[in-house]
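A.B. asks: Next one to model:
(chains A and B)
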Amino acid sequence: MMKRKKLIFLVLVFILVPMTGLNDQENMIQVNAAQNEITGNNMMEPKEVLVIFDNLGIGTANSNNLNSLETLLSDLTQTAEITMIDDYQAGRMMDYQKVIILKNSENAIDNESFRLDCQKFSGEIVYIGFISTGLLPGLEGLSIECQMGRTVSLNKGEMTINSIWVEDLRVINQLPSIGEATIVAGEKRYPFSVKLNNITVVPTYIGNQSFQLCLGDLLKNWLTPSAAVSMLVLVPGIYPFSDLNQVVAMSDAFYASGIPFALGVVLIDDNMDYPAMARFYQVLRYVQSRNGTILIHRPSPETVSDSDTALAEKMYAMMNKMVENRIYPLGLVTGEDLFFDDFNSLTPLNAFSSGIIISDPVQATQIIPAGNETWALNRASLGIDLETVVNTQSQPRNFRNYPISTAIVLSLPKDEAALTDQVEVINNKWLSLTDYKNLENYWSIGQNTIQSGSGEIRLNGMPVSLAYNEEPVDDQYAYQKPPEYNLAKLFTAGNVFLLTVVGIIIIVFIIIVIFSRRIYLNKFRKIVDQDEHKKPVSEEDKPQ
Amino acid sequence: MDKDINGKNNNNNVIDSRKIPVDSKKMHEKIGIWIFTYLLRPSVLGILVLFGLLCFVLYLNPVIGMGDDGSTAGVIAGSDLYDLGELSPQESMAYFQKDWGIRQYYNDATNIQITAQTPFILTGKRLDMAFTWDWLFDMRFYAAVITIFYLLAMYLLFETVTYGKRSKWTYAVVALGVVIFGDTAYTVWINSFYTQALSFFLIIILGTSLIVMGQEKLNDFLLVSLFFLSSLLFCLLNQQYAFLGVCLGILGFNLKYVNPRKRYKDLCRICGSLLIVVSLAGWIFMPNGLTNLSKYHSMTRGVLMTAENPETALEYFGINPQYAVLTGSSYYEAISPATMNSSEMQNNFFKKFNPVSVAVYYAGNPNQLYSMLNQAVDSSFNIRPSWLGNYEIAQGYPPGTQTKFFTIWSTFKSEIMPGNFGFVTIWMGMIIVVYVRNFRTGIIEKNERNTLRFIGLMTWLFIGLWQLYFSIITSGDMDSLGRLFIFSLTFDLVSFVVLGKLIHWFEKKLRKVDWEAQKKIFFNKGNQDDQGGYR
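C.D. replies: Residues are numbered from 1 along each chain as shown, chains lettered A, B, ... in the order given. Just a heads-up that it's a prediction; the model follows:
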């Protein structure tokens, strides 16, 4: 008995000693702080959040629910593990403090161990979607009302988001308490969520931005109530071949109206020294001088075919080139597709501490993340459309922040009129926008370390100037590099072949010449011989 | 006995031997003679060797084939087949995939494409379903169908170069043919759904039928039908082959001068016009194979890559010069698919040019066209694209491994032969100079049949060059539709026929030399010298 205890103790020590080592390293290296902490946590304490869903709801209004929930959690800098109800194994829930159940359909639950665990679980549960009878005894008494095809508004405090279409609205027939988020359908007001003991029920959730913001409010109070929130402006998808004049015009207009903004730049690793690229850098420098911040897009996984090391090398080269050209990107713009990769392996993407998560232009098919674990940046903002902002009414003239950190995603205006419209909308809303530079950001790639905070950027600890001065672009750039001539290259295999062929032909020619001379001479010999025989005759004949 | 030599009764030999006790020595003799007359003819022997090679390479383990790059998806769907999805897109390029699923019920694919390949695949499918009932399509059944036609094509080819003779030199020529066209780099395409498998034998049949007709060795009706059938299938392989179909139709129409018989003339007229009509119909009704992918490459890996200044080239097409940053980039790696398919990219880039404007641009910049031709020739000499693997994933080779078994010719071609257009021009010049005399005399003597050998070779040359040029203006140096394969094939075909002719010519010259007399002269030279016969 004693032996076994000793053994267990020894094993525990063996497990824990490297852990403490890991923690020491964490303190030394600031990069990846968040990630490492979480991996550390996973092994030591009860894990934090488990998301359990029944199905992806493909083809229904709920098809984006899991995606948007994952995005929300990342936005709240919360990692989570994800599992499907069918894959759920008995007792798993007990390892977590908080559980989110996402029920996208009314289908009955077949997994008996899940049902039992739900009833036993004493931690906090957020239950989203269709309520399954007999799953949680605490929910039996709720009266749920179904309404088909309603336009509703969501209200929270002083803010109201209007005109949201809900196909299948389910609400709790109960008067909302004051200060709570509510769903307003026609004249009636219903609570967005109801808390019963350890269970919070959200009867209706569709993965659009309005619901996302409301659920974000709930989850933020649940997970990280003290974190500060901010609102940014982001113009994503800027390529070297985008309309650069429009970029300049836009930054001028935003600067004139005092709107701090961030520009999402897509990296292109080909031809980094072309004049076209130099012109692009020129424009980015100008944007920086106009109170714009440069963020970089996460390279699309589809374009990185080879491997993660190739990605890392490309990223090092591109980031170095940018810093060389006095462009200082501060964070990452990424789509939801990043959830589907093992983020920890994606060096150097995980070197960035902050970023903005935007929804993908093309809806990514939902995949359960690799390793069933989502990732989170140290600080992230949720991308929302300008339309959502326009649809939001706030009681005071001053537009307050949304409950969670957000970034208003604008498209690059096509012309002067579109630009004026955009600026007008933002100005009329009296938005309280934050400059990205004022937030704490940090990354380190290769030799470069960039930090920002309270309005200044530091490169390797030294503050940098963002003033713009025009640098000439080399118009006489030699695109076609002259081939390097040397003897080794001159005699390539192909040329050797040609030389051999020519050599053989020459030899054949010489042989023919020699032979033909002999044949030619032989011919003469025969003629001579004949002549010698004939001549005497003919000579004899002639005089006669 | 004499009849047996002709082989007409050879099937009865076995039966006879059961009924009547025949002298076993006689039987041996009979079989020996039969083998000698039929199996040991140079062309048949060559076919047998090729058959053995193919069996070993394509059908027996380890099965060798071509990885799938996704360009054949339409044809696969059109034949009620589907990808089992066992490999990721990258893996299916790097590894050969033998088994495909057969759609049992309703075909709901949206990208259905029906081409000349479809009947061949369907035949393979029937064969498969006759042998197995697992609703899995083993590609080897399709390969078997292709193999039959391939062997037929090779038989015709061997006949053209051996002139039906059997002597040592014909065996040498056939051996050369086996080395060139039995090369695994060529035959491996048979185990794939690419158009290459079909165009491989169609082009051989198409040219050889003309040449054999010129040699008057087989029935004209048979040959002309072979010619039309193969041209028809060839021009229905792909929408862009329609132009070639029209040219072949005109050529076929003019074949009526070869034989004075009225029926033959009618056949040529009807089939020739039919071919033209079908090609035009194919051009209108078949889906356009030109995707954004090839369009993108025709600009970035063609015009921009060879331009002195990519920005001025872009200005020529009215595109924002900033697109110069994409110079030399490939479709898959430069920009994310979402941006590539965006309306912005569509309006500002893709809509500004098409193959015709690219062709016009090249006409104004012949230097660029020349350097593109050089690159295209060079890459066509690698008969297998380097990114497609040959082995199945289960065989455990690293991704993208290509087999080295029996690849003497393709290795020689890709590594030693000078892959530039100058070399090809010299080669073409030589061939035309050698053969044009034939053509000229044929025309002068009003003997159209004698011109056919030249016309056959020129048809090959023309098809090859057209494909080379077309691949440049439609997809830069990143050919994805097997056009460069056709150039490479026609280059080899013409070279092979010319080499065969050369060997034949040498043999004839050497045979005429009276070696004994030469010897005598050589040894008597000393004695004759003192006669001092020259003046």
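A.B. asks: Secondary structure of A:Gly110: a strand, I assume?
C.D. replies: Residue A:110: Asp, not Gly. No - counting by DSSP: H, G, I helix; E, B strand; the rest coil, A:Asp110 is located in no strand; its state is coil.
A.B. asks: mind listing what it touches?
C.D. replies: The contact partners of A:Asp110, taken as CB atoms under 8 Å, 6 or more residues apart in numbering or on different chains, are A:Asp86. C-beta: built from backbone N, CA, C; applies to glycine.
A.B. asks: Flag the shaky bits of chain B, pLDDT-wise.
C.D. replies: Across chain B, the ranges flagged by pLDDT under 70 are B:1-23, B:289, B:480-481, B:525-535.
A.B. asks: Walk me through the domains of it.
C.D. replies: Using automatic domain parsing, the domains assigned to chain B come out as B:2-39, B:289-381+B:417-524.
A.B. asks: residues near B:Tyr257, how many?
C.D. replies: B:Tyr257: 14 surrounding residues under other CB atoms under 10 Å in any protein chain shown.
A.B. asks: same question, the one 4 residues further on
C.D. replies: Here the neighbour count serves as a burial measure; for B:Arg261 (other CB under 10 Å) it reads 12.
A.B. asks: any idea how far the residue nearest the centre of chain A is from A:Val229?
C.D. replies: In chain A, the residue lying closest to the centroid (CA atoms, centre = their mean) is A:Thr334, at 2.5 Å. Using CB to CB, to the nearest Å, we find A:Thr334 at a distance of 20 Å from A:Val229.
A.B. asks: Now do the same contact list for the residue nearest to the centre of chain A.
C.D. replies: A:His297, A:Arg298, A:Leu349, A:Gly355, A:Ile356, A:Ile357, A:Ile358.
A.B. asks: what's the nearest residue to it if we skip its chain neighbours?
C.D. replies: A:Arg298 (4.1 Å; CB to CB, 6 or more residues apart in numbering or on different chains).
A.B. asks: thinking again about what came up before, pick the most buried one from the domains of chain B.
C.D. replies: Using mean count of other CB atoms under 10 Å in any protein chain shown, the stretch among the domains of chain B with the largest mean neighbour count is domain B:289-381+B:417-524, at a mean of 18.
A.B. asks: re earlier: and the residue nearest to A:Thr334, how far from A:Asn469?
C.D. replies: 31 Å.
A.B. asks: which of the two has more neighbours?
C.D. replies: A:Arg298 (22 against 9).
A.B. asks: Show the backbone phi and psi for the more buried one.
C.D. replies: phi -70, psi 130 (degrees, to the nearest 10).
A.B. asks: distance of it from A:Asn391?
C.D. replies: 29 Å.
A.B. asks: how many other residues sit next to the residue in the stretch 51-200 of chain A positioned nearest to chain B?
C.D. replies: Going by CB to the nearest CB, chain B is nearest to A:Gly59 of the stretch 51-200 of chain A, at 15.1 Å. By other CB under 10 Å, the residues close to A:Gly59 number 7.
A.B. asks: Please look at A:Met84 and A:Leu50 and confirm they touch.
C.D. replies: No - applying CB atoms under 8 Å as the test, A:Met84 and A:Leu50 come out as separate, 11.8 Å apart.
A.B. asks: Next one, pLDDT for the residue nearest to the centre of chain A please.
C.D. replies: In this model, A:Thr334 is scored at 83, pLDDT.
A.B. asks: State the distance from it to B:Glu333.
C.D. replies: 19 Å.
A.B. asks: Show me which helix runs longest in chain B.
C.D. replies: helix B:483-512 (DSSP state H).
A.B. asks: what are the phi and psi values for the residue nearest to A:Asn378 when sequence neighbours are not counted?
C.D. replies: Among residues not flanking A:Asn378 along the chain, A:Ser353 sits closest, at 4.3 Å (CB to CB, 6+ apart). Main-chain torsions, A:Ser353, degrees, to the nearest 10: phi -90, psi -20.
A.B. asks: quick one: A:Ser353 from chain B, how far?
C.D. replies: 24 Å (CB to the nearest CB, to the nearest Å).
A.B. asks: Next one, pLDDT for that residue please.
C.D. replies: pLDDT, read off for A:Ser353, is 83.
A.B. asks: Could you find the closest non-adjacent residue to B:Asp183?
C.D. replies: Going by CB to CB, 6+ apart, B:Asp183 has B:Trp409 as its nearest residue, at 4.5 Å.
A.B. asks: how far is the helix or strand containing the one you found from where the chain is centred?
C.D. replies: B:Trp409 is part of helix B:408-415 when elements are defined by DSSP states H and E. Relative to its parent chain, helix B:408-415 has a centroid offset of 16 Å by CA atoms, centre = their mean, to the nearest Å.
A.B. asks: tilt between it and helix B:483-512?
C.D. replies: Relative orientation of helix B:408-415 versus helix B:483-512 (axes from the mean of the first three to the mean of the last three CA atoms, to 10 degrees): 120 degrees.
A.B. asks: Quick one: residues contacting the residue lying closest to B:Cys271 once chain neighbours are set aside.
C.D. replies: Distances taken as CB to CB, 6+ apart place B:Phe228 nearest to B:Cys271, at 4.2 Å, with adjacent residues excluded. Residues near B:Phe228 by CB under 8 Å, 6+ apart: B:Gly252, B:Cys271, B:Gly272, B:Leu274, B:Leu275.
A.B. asks: In a helix, the last one, correct?
C.D. replies: Translated: B:Leu275. Yes - assessed by three-state DSSP, B:Leu275 belongs to a helix.
A.B. asks: List phi and psi for the closest residue to it other than its chain neighbours.
C.D. replies: Once flanking residues are discounted, B:Leu275 sits nearest to B:Gly249: 3.6 Å by CB to CB, 6+ apart. Phi and psi for B:Gly249, reported as degrees, to the nearest 10, are phi -60, psi -40.
A.B. asks: I'd assumed B:Ser231 was in contact with B:Gly249.
C.D. replies: Yes - between B:Gly249 and B:Ser231 there is a contact under CB under 8 Å: 7.4 Å.
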